[in-house]
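[1] Following is a predicted model, sequence given first.
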Amino acid sequence: MDNRAGEMEVFVAAAELQSFSAAGRRLKLSPSAVSKLVTRIENRLGTRLLVRSTRALQITPEGEIYLVRARRILAEIAETEQIVAGGGSMMPRGLLRINASVGFGERYILPLAPEFLALYPDVQLDISLTDGVIDLIDERADIAIRSGPLRDSALKARKILESRSVVVASPGYLERHGVPETPDRLDRHNCLRFNFPRSVDEWPFRESDSEGVCTKAVQGNLYANNGPVLRRLCLDGLGLARLGQFFIQPDIDAGRLVPVLERYNPEDVELIHAVFAGHEHLAARIRTFVDFVADRVDPHKQKMR
């Protein structure tokens, strides 16, 4: 009898663990049995999915395509059986891997996690926070929440939030160094910046008495790889920083951080999206979590169908 789901499970284990032996231990099969099953898939498809070497297995581009779809099919099979076993209930269940930017994760994901788990106790959350650009496949993430423009891909995206950026400093820093009245005055200030590859050492500003936008080169002696670290340095009075308003608004409201150069703010809006692999039958745990976060961040947003 054809057991393609079983073969897919073997392939996924071998691809994830990069080893026939490790996959065999996970599935309680011999390494040779794992190798034979992967070879059977390759022979049926007429293409190589895994490149064997003495060190580790390497997945091919065709193997990556097969891996994405195999994971999706296996997840749907598991969810279908859970729904039937639960009398047709569509309650979300299973492991949900979420990768979010550090600022958004600390501001929203971590505080909302207890409520979500209380509402959906059959879901297990696996949360990773990083500001680096990630690959959903490599990171084995079901959902990635990222800011900025979206790259063209086969992934689906749901807008969660729009946020402007503001230049801020602590009251103590401004008392010691003065308030910059124009962007040109930033030459006299320590500007805290990001160190990841897509960052630049320039900040955008609206030109005085015009609608045009120009950039101003800034300099300073501190870099960081995420917004919350720059926020902490800013709160400690070490310089100015240009940060997303969505996660420093509580500091502004409390007077811990003070916006500066507001008349020159270009009012550029950064979009924050939840990105996930698109499919006609999206897993209930993914759909429910994205709806849940979007509703808590902005209760006026429409739920996914």
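    Sure, I can see it.
[2] C-alpha from now on. contacts and neighbour counts both.
    Will do.
[3] secondary structure class for residue 237?
    coil (DSSP: H, G, I helix; E, B strand; the rest coil).
[4] burial count for it?
    Neighbouring residues of residue 237 were enumerated by other CA atoms under 10 Å; the total is 18.
[5] Kindly report the same for the one 3 residues further on.
    Residue 240 has 29 neighbouring residues, counting by other CA under 10 Å.
[6] now swap in residue 169 and tell me
    28.
[7] Need the nearest residue in space to it, chain neighbours excluded.
    residue 240 (4.8 Å; CA to CA, 6 or more residues apart in numbering).
[8] My understanding was that the one you found contacts residue 166; is that so?
    No: applying CA atoms under 8 Å as the test, residue 240 and residue 166 come out as separate, 10.1 Å apart.
[9] doesn't residue 94 make contact with residue 120?
    No: between residue 120 and residue 94 there is no contact under CA under 8 Å: 10.0 Å.
[10] What are the contacting residues of the host helix or strand of residue 38?
    Here residue 38 sits within helix 31-45, counting by DSSP states H and E. Residues outside helix 31-45 that contact it (CA atoms under 8 Å, 6 or more residues apart in numbering): 7, 10-11, 14, 20-24, 48-49.
[11] Could you give the average pLDDT over that helix?
    On average, the pLDDT along helix 31-45 is 92.
[12] Also stretch 109-119?
    Throughout stretch 109-119, pLDDT has a mean value of 95.
[13] then it to CSV, C-alphas only?
    The C-alpha trace of stretch 109-119 is given here as CSV (Å, rounded to 0.1, in the frame of the first residue of the first chain):
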residue,chain,number,x,y,z
ILE,A,109,3.8,39.1,22.0
LEU,A,110,5.2,38.3,25.4
PRO,A,111,2.5,40.3,27.3
LEU,A,112,-0.2,38.7,25.3
ALA,A,113,1.1,35.1,25.5
PRO,A,114,-0.6,34.3,28.9
GLU,A,115,-4.0,35.4,27.7
PHE,A,116,-3.7,33.5,24.4
LEU,A,117,-2.6,30.3,26.2
ALA,A,118,-5.5,30.7,28.7
LEU,A,119,-7.9,30.9,25.8
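[14] buried residues in that stretch?
    By 16 or more other CA atoms under 10 Å, the buried positions in stretch 109-119 come out as 109, 112, 116.
[15] can you check stretch 92-105 too?
    92-94, 96-105.
[16] where does this structure dip in pLDDT?
    1, 82-90, 132-139, 150-154, 197-199, 209-211, 278-281, 299-305 (pLDDT under 70).
[17] could you show me where the strands are in it, in order?
    50-51, 58-59, 94-100, 123-129, 143-147, 155-169, 191-194, 202-206, 213-217, 223-224, 240-244, 258-260, 269-277 (DSSP state E).
[18] what about the longest one, distance to the chain center?
    In other words, strand 155-169. Its chain's C-alpha centre and that of strand 155-169 lie 13 Å apart, by CA atoms, centre = their mean, to the nearest Å.
[19] quick one: whichever helix in the chain runs longest to strand 269-277, angle?
    For the chain, the longest helix by residue count, based on DSSP state H, is helix 61-85. Going by axes from the mean of the first three to the mean of the last three CA atoms, to 10 degrees, helix 61-85 is angled at 80 degrees with respect to strand 269-277.
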